[in-house]
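Participant: Just need the structure, nothing else, for what follows:
(2 chains)
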Number of protein chains: 2
Amino acid sequence: MQKTPQHEPEFIRKVPDGDSMERDVCATCGFVDYKNPKIVVGSVVTWGEKILLCKRAIEPRIGYWTLPAGYLELHETAEDGAAREAREEACADIEIERLLAVYSIPRISQVQLMFRAKLKHPDIATGPESEAVGLYDWADIPWADLAFPSVGWALRHYFETKDRSDFAPFSNPVDGL
Amino acid sequence: MQKTPQHEPEFIRKVPDGDSMERDVCATCGFVDYKNPKIVVGSVVTWGEKILLCKRAIEPRIGYWTLPAGYLELHETAEDGAAREAREEACADIEIERLLAVYSIPRISQVQLMFRAKLKHPDIATGPESEAVGLYDWADIPWADLAFPSVGWALRHYFETKDRSDFAPFSNPVDGL
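Facilitator: You can find the predicted model right below:
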C-alpha cells in the first residue's frame, strides 16, 4: 500500500502506467492518489422474531434508527467487520448466518455488505455511537424514522426471506424503496 | 470525501473524534489518513459450457490465468464494475446473472465480489492487461497456472452451483483450496 507523501504533493492529472483512467499523480514522487469506494459491513440481527435496531447518537442522521453497520477496517474479513460493528454499536454478541444483500450506492461510492445474523444472547446495550438500542417486532419498526434508505431495504429483504436459506443475495431494489 | 492535504502533513497517531481506532491524523489540518480495504469486482463468465479466462499481461502474476476482475472505481455499482473489467480485459460483453461469492482477503485488505455472468456473444479479444483470452472447457482449465487462489475458488464455486440459482453466495473456502 502506498504511503501518503511526506512532502507537499504537486498533483497533476494523468493516466498512471498500466492504468486506464486519469488520477491525481504527484509530479515529484509519483504517488497516485487513488480514491476507492468504501465497504460498509452490517447486519440484520435477530433474537427470535425481534430485530435489533440502534438509534444513532452521531451525525449523519442523529436520532434516527439504523442497523449495526460501519466501515470495514484494514485486515478484517467482511464477517468479522459486521460482528465488530454489532459489538461496538449495540454491545451485541452475534453469529453471522449468511449474506443477505449487497447494495451499491454509487453516489457516495459505497458498497454495503449486509448479513443476516442472530444474537447469541439477548443482552444488548448502547455503545458510544448509539443513544438507544432495542429489539423490535416487525410490526413496531419505526419506518418513518429510519436513518438511511438501505436500512429499509435490508429490513424488507430480511423479512421476505427470513424462513429461507437458499436465495441469492439481494442488490438494490429496482424501485429504490 | 476528504482531500489529500496540499501541504506537508505532520501525522500523529490519535483516535479522531467519534472514532474508536488510532489513525494517522495531520496535526496541522486535521486530515485523517484513513486506509480502507479495497473492493475487487469480477466474474465467472460463460458461453455455453465454456469459461472465459484471461492470461495476465501485467504484474503481479504475469503469464498466469485469471478471471476478468479488478478494482471497483468511484461512483460505480459492483455489477457495472464487473462488466467493465470483462470489457477491458477480454473485450467481452457480459450479462451479470447473480453474485457467486464474496471472498475476504484480510492479509491484503481486499474484499472480492465475484459474479456469475454470461457472454452476450462469443466475440472476445485481448485487452491491454491480457496477453491471451480463451473460452475453456472445465476439463481444460489450467489449474496449475492460475494467477491467484481466489481464481480457483471462484471456478470451483461456479462449477458446484452452475445449474442452480437459489444458493447463498460463497465466502472463502474453509480449506483455502
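
Participant: okay, CA-based contacts and neighbour counts for the rest of this
Facilitator: Fine.

Participant: need the contact list for A:Asn172.
Facilitator: If you count contacts by C-alpha atoms under 8 Å, 6 or more residues apart in numbering or on different chains, A:Asn172 has them with A:102-104, A:153.

Participant: Check for me that it belongs to a helix.
Facilitator: No. Secondary structure of A:Asn172 (DSSP: H, G, I helix; E, B strand; the rest coil): coil, not part of a helix.

Participant: hey, where'd the strands end up in chain A?
Facilitator: With DSSP state E as the criterion, chain A has strands at A:11-14, A:23-26, A:38-47, A:50-56, A:65-66, A:69-71, A:94-105, A:110-119, A:130-136.

Participant: possible to save those as CSV with distance to B:Tyr71 and mean pLDDT?
Facilitator: As requested, the strands of chain A are arranged in CSV below (distance: least, C-alpha to C-alpha, whole Å; pLDDT from 0 to 100):
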stretch, distance to B:Tyr71, mean pLDDT
strand A:11-14, 18, 90
strand A:23-26, 14, 89
strand A:38-47, 11, 98
strand A:50-56, 32, 98
strand A:65-66, 29, 98
strand A:69-71, 18, 97
strand A:94-105, 14, 96
strand A:110-119, 12, 97
strand A:130-136, 33, 98
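
Participant: Please name the residues that touch the residue nearest the centre of chain A.
Facilitator: When chain A is reduced to its mean C-alpha position, the nearest residue by C-alpha atoms, centre = their mean turns out to be A:Val40, at 2.9 Å. Contacts here follow C-alpha under 8 Å, 6+ apart; on that basis A:Val40 touches A:69-72, A:110-113.

Participant: mind checking how far the residue of chain A positioned farthest from its centre is from chain B?
Facilitator: Distance from the centre of chain A peaks at A:Thr28, with 36.5 Å (C-alpha atoms, centre = their mean). Between A:Thr28 and chain B the distance, using C-alpha to the nearest C-alpha, to the nearest Å, works out to 13 Å.

Participant: Name only those of the contacts of A:Asn172 that count as buried.
Facilitator: If you count burial by 16 or more other C-alpha atoms under 10 Å in any protein chain shown, the buried members of those come out as A:102-104, A:153.

Participant: Which members of the residues you listed are the farthest-apart pair?
Facilitator: Comparing all pairs in those by C-alpha to C-alpha, the longest separation belongs to A:Ser104 and A:Trp153, at 11.9 Å.

Participant: re the thing from before, okay if I get the contacts of A:Asn172 as a markdown table plus distance to B:His7?
Facilitator: A markdown table is the format used below for the contacts of A:Asn172 (distance: C-alpha to C-alpha, whole Å):
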| residue | distance to B:His7 |
| --- | --- |
| A:Val102 | 38 |
| A:Tyr103 | 36 |
| A:Ser104 | 34 |
| A:Trp153 | 42 |
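
Participant: now, among those, which is nearest to chain B?
Facilitator: Distances from chain B to the contacts of A:Asn172, taken as C-alpha to the nearest C-alpha, are shortest for A:Ser104 (5.0 Å).

Participant: Quick check: bridge partners of that closest one?
Facilitator: In this structure, A:Ser104 has the following beta-bridge partners (DSSP bridges): A:Val111.

Participant: pretty sure it is in contact with B:Leu74, am I right?
Facilitator: No. The pair formed by A:Ser104 and B:Leu74 falls short of the contact definition of C-alpha atoms under 8 Å, at 10.9 Å.

Participant: picking that back up, which one is the residue farthest from the centre of chain A nearest to, not counting chain neighbours?
Facilitator: A:Glu10 (6.6 Å; C-alpha to C-alpha, 6 or more residues apart in numbering or on different chains).

Participant: That neighbour: what's it in contact with?
Facilitator: A:25-28, B:6.

Participant: again with A:Ala78
Facilitator: The contact partners of A:Ala78, by C-alpha under 8 Å, 6+ apart, come to A:41, A:72, A:113, B:104, B:111.

Participant: what sits against the last one?
Facilitator: This means B:Val111. With contacts taken as C-alpha under 8 Å, 6+ apart, B:Val111 has the following neighbours: A:77-78, B:37-40, B:102-105.

Participant: what do you get for the second one?
Facilitator: In this structure, A:Leu72 makes contact with A:38-41, A:78, A:81-82, B:36-37, judged by C-alpha under 8 Å, 6+ apart.
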